[in-house]
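Trainee: Sequence first, then the predicted structure, then my questions.
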Amino acid sequence: MESEKKNLPQVCGIVLEEMTELTLIEVSRACAVHAECIVELVDEGVITPFGREPHHWRFSGIHMRRAGVALRLQRDLGVNLAGAALALQLLDEVNALRARLKVLGSRH
C-alpha cells in the first residue's frame with residue numbers, strides 16, 4: 001500500500017487520493033494559505049466542497065488539485081481569481097474533448 005502511494009500525484013505537499021476528506025483548515029495548511037483564500041476559491045466556483053457550511057466542508061483530492069492549480073496561476077502568473085476559474089474551466093473542457101477524441105479514435 002505504501003509503495004502505491006508513492007505513485008500518486010501530490011499537490012500542496014500531500015498525496016492525492018480520490019476519497020480524501022480534508023477539512024477547510026487541513027486544505028489551507030496543506031496549501032500554505034489562509035482559510036479565507038480557500039473560501040474565496042469556493043465562492044468563485046473553482047472548487048465545490050462537500051457540505052453546506054465551512055466548518056462542515058470536506059475536500060477530495062480533486063479539490064486539492066484544482067486549488068493547487070488556481071493558487072499557482074495566481075502566484076506565478078498574477079492571474080486574478082476569476083481568471084484562474086476561467087482557466088480551470090477551459091482546462092476541464094480540453095480534457096473532456098481529449099477524452100472524446102480518444103474514445104472516437106479507439107472506434108476506428
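Mentor: Done, it's in. Numbers count the residues shown, from 1 in each chain.
Trainee: Buried residues in stretch 36-52, which are they?
Mentor: Within stretch 36-52, the residues scored as buried using 16 or more other CB atoms under 10 Å are 37, 38, 41, 42, 44, 46, 47, 49. For glycine as for every other residue, the C-beta is placed from the backbone atoms N, C-alpha and C.
Trainee: what are the ranges of the strands in the chain?
Mentor: Assigned by DSSP state E, the chain shows strands spanning 10-11, 14-15.
Trainee: related to what we said a few turns ago, so which of the buried residues of stretch 36-52 are in helices?
Mentor: Filtering the buried residues of stretch 36-52 for membership in helices, criterion DSSP state H, returns 37, 38, 41, 42.
Trainee: low-scoring stretches of the chain, by residue?
Mentor: In the prediction, the chain carries residues with pLDDT under 70 at positions 1-19, 108.
Trainee: ok, 90 please
Mentor: 1-21, 61-62, 103-108 (pLDDT under 90).
Trainee: In it, spot the helix with the most residues.
Mentor: If each helix of the chain is counted by residues according to DSSP H, the longest one is helix 81-107.
Trainee: Packing partners of that one?
Mentor: Other elements packing on helix 81-107 under the criterion 3 or more CB pairs under 8 Å, 6 or more residues apart in numbering; DSSP states H and E are helix 61-77.
Trainee: Run the chain-centre distance for the helix it packs on.
Mentor: With CA atoms, centre = their mean, to the nearest Å as the basis, helix 61-77 stands 6 Å off its chain's centre.
Trainee: re earlier: so how far is the longest helix of the chain off the chain centroid?
Mentor: Centroid separation for helix 81-107 versus its chain: 15 Å, with CA atoms, centre = their mean.
Trainee: residues contacting the spatially most central residue of the chain?
Mentor: The centroid of the chain falls nearest to residue 66 when counting by CA atoms, centre = their mean (1.9 Å). Contacts here follow CB atoms under 8 Å, 6 or more residues apart in numbering; on that basis residue 66 touches 41, 46, 47, 88.
Trainee: Please tell me how far it sits from residue 52.
Mentor: Distance, residue 66 to residue 52, by CB to CB, to the nearest Å: 20 Å.
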